[in-house]
Each structure stands twice: as C-alpha cells, then as structure tokens.
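> dropping the sequence and predicted coords here.
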Amino acid sequence: MKRVWKRTFIILLDVVLGIYLVLAFTAFNKPDETKIKCTQVNISIADESNNGFITAAEIKKRLVDGGIYPKGMPLRYVDARKIEDRLKMSPFVKTAECYKTQDGQVFITITQLLPVIRIKADNGDDYYVDDKNSVMPNSSYVSNLIIASGSITPSFATNYISPMGKALMVNDVWRNLIEQIHVLSDRGIELVPRVGDHIVYIGRLPDFQKKVSHEKLISDFINNKMTRLMKFYKYGLSYAGWNKYSYINLEFDNQIICKKRSHKPVIQHPQPVQQAAEAQPAETSERPAADKQNKEQKQQQTEQKKKTL
C-alpha cells in the first residue's frame, strides 16, 4: 500500500514540476511590455475606395483627440478594447478591431458603413442613407452618389429610396446613367438621366407585402423598369434622337408613352423583341393628310386647265 502511495506521490510531483518549468520558461521568454513601446500604427479601412467617408487620417485624429493614439506608448498601456469602442462611436464605422504584437506594432482594422444615396428633401432635410437602410448624417466629404429629391420623409427614404438606390448601384451602367431621383407628392418616381434632355417616369414603388421581401420587390421593380429603358434607348432614341422627347413614361408594362417637345404625348405599344421597332416610339404623323390635300389641289388645277382649253 505504501508503495502505491509513494508511486502516486512521485508522479504528482513530476507533473507539478513539469508545469512549473513550462510556466517559468514562458515567463522568462515573454517580453516586458513596460519596456516595449508602440513604434508603428497600421490602419486598414475596408472598401475605402467605394464612396466611403472614412480615411486613415480621420481615424488617427479621432484617437489623438481621445488621448489614446498608441504610437510612442508602452504596449502595456495600449488598451485595444478602448480603441475599438472609441472608433465605433463614429456614425460611419460599422466594425472596429484592434490588436498589438510583441514587436511594438498596433493593427487597427475598420469596416465602414457605405452610403448608397443622398437625400435632399423639399422640407430641407439633407442626409445620406447607408447600405443597411439607416440614416447617416451629412458629411463634408464629396461622394459621387445619386441624389434623391422631392417629397421624402426619413421613413420613406430608409424603406423605399434606399433599396431603390442599392438596386441601381449594383449595375455600373445604371449607376452612371442616373443622376437624380425625384419623388412627387403622390410618391411617383421620376428619374433624371445624365444623357439626353428628358425625364423618365416609372410610377410608384411597390408597397410592403406579406411573406415577400420588400427589398426584393423594389429590386425586381427597378430591374424591370431599367431593362425596358435600356431597350428603348437602344432601339428608340438611338434612331429618333436623344433630345426628341421631354418626358418618357414607363409606368405601364404594356406601353411606353413619350411626350414630344411642345407636342401631345405619343403612345408606343410593345412589339416582339426580335423586331428592331420594339422600342422605337410610335409617332403620330400628318403626312397622309397633307398628301391628300396636295392631290386634290392638283386635280383642281388640271380641271381648270381643261376648261381654259
């Protein structure tokens, strides 16, 4: 019995001694953070080139103003959690991560909230809406975004205009084509393109429906309207002329109504896609009536000549 206890005691002693040696070796090789200072701060901002409002210089300024910019500080006093909390206070920051390394470097990684559209409402409101459908404050930074104007409330901006803006932004052609969105008093939507001298009316955005993603409804709606508009541009305005019409109405799926400058609206009914005339505007013409009148005048002149003879 004594042998068993003696053997157990020796094994436990060996284990304790092994643990002590590991801890002692680790502590001996661990650098003293009180002596190592931060020599470099590395700031990385995701999506920095995609219309973001945050720069590395602004991140540095925010930390300096808060008295927690780590460069020159002993690593022991660099509080990574405090740095993260300070940066998350910015309305333009989505996430912030900070960590330090034993060679004296501090790494800060930022992901930012990206604005998708700027709102300039009739009531004087001026703000941005981000990719999470949330309102962002106005900024001194200039961003090449679509501007939405007109009768817009913050609720309409986040629930309708923001999904619409995201649907336009995912397509490079549409994003560069549309310069402005205007909301009428009845919530009808007008688009102002960068090319041509006309306005495009697409009707009202779809309302909420049960069991269906509202954002997907708006995305499908915009895809349909913009696809039809691009076909009309390709097969219609490219032949008729970009400045021939002042107003293009795409509200109804079975027709396109075009208003000539200083003329009555012209209605175009859809035709098969394979025909080039699919998107060409149907134009009213007074030519047949004029030809008929000329023909009658010629007949009268001929009869008069016969009488003279």
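That came through, no problem.
> wait, Pro163 sits on Asp220?
No. Applying Cβ atoms under 8 Å, one finds Pro163 not in contact with Asp220, separated by 10.6 Å. For the C-beta atoms, the positions are set from N, CA and C on the backbone; glycine is no exception.
> these two: who's more crowded?
Pro163 (24 against 14; other Cβ atoms under 10 Å).
> relative to Asp253, how far out is the more buried one?
20 Å (Cβ to Cβ, to the nearest Å).
> ditto for Asp125
33 Å.
> low-confidence ranges in the stretch 51-200 of the chain?
51-52, 140-143 (pLDDT under 70).
> rerun that using 80 as the cut-off
51-53, 139-144 (pLDDT under 80).
> now do the strands in it.
Assigned by DSSP state E, counting those that start in this stretch, the strands in the stretch 51-200 of the chain fall at 93-100, 105-112, 115-121, 126-130, 135-136, 147-150, 178-183, 188-193, 199-204.
> what residues does the fourth one touch?
In other words, strand 126-130. Residues outside strand 126-130 that contact it (Cβ atoms under 8 Å, 6 or more residues apart in numbering): 113-120, 135-139, 143, 145, 154, 157-158, 161-162, 165.
> hmm, who's touching stretch 158-178?
For stretch 158-178, using Cβ under 8 Å, 6+ apart, the contacting residues are 116-117, 119, 129-131, 133-135, 145-146, 148, 152, 181, 183, 187, 189, 191-195, 205, 214-215, 218-219, 222-223, 226, 230.
> go ahead and build a PyMOL selection from the buried members of the residues you listed.
Only the buried entries of those go into this PyMOL selection, using 16 or more other Cβ atoms under 10 Å:
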select buried, resi 116+117+119+129+130+131+133+135+145+146+148+152+181+183+189+191+192+193+205+215+218+219+222+226
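> need the winner for burial among the strands of the stretch 51-200 of the chain.
Comparing those by mean neighbour count (mean count of other Cβ atoms under 10 Å), strand 115-121 ranks first with a mean of 21.
> got the angle for that strand vs strand 178-183?
Relative orientation of strand 115-121 and strand 178-183, computed by axes from the mean of the first three to the mean of the last three Cα atoms, to 10 degrees: 50 degrees.
> can you tell me the strand partners of strand 115-121 and which way each runs?
Strand 115-121 sits in its sheet next to strand 126-130 (antiparallel), strand 147-150 (parallel), going by DSSP bridges.
> thinking again about what came up before, out of the strands of the stretch 51-200 of the chain, flag the one nearest Tyr69.
Among the strands of the stretch 51-200 of the chain, the nearest to Tyr69 by Cβ to Cβ is strand 105-112 (9.4 Å).
> can you name the next helix or strand after the host helix or strand of Glu215?
Element membership of Glu215, judged by DSSP states H and E, is helix 214-232. Tracing the chain past helix 214-232, the next element assigned as helix or strand by DSSP H and E is helix 238-240.
> same question for that next one, mean pLDDT?
Regarding helix 238-240, the rounded mean pLDDT is 78.
> could I get the buried residue list for that helix?
Ala240.
> in whatever helix or strand comes next after it, what counts as buried?
As assigned by DSSP H and E, the chain's next helix or strand after helix 238-240 is strand 245-249. Under the neighbour-count criterion of 16+ other Cβ under 10 Å, strand 245-249 has 245, 248-249 buried.
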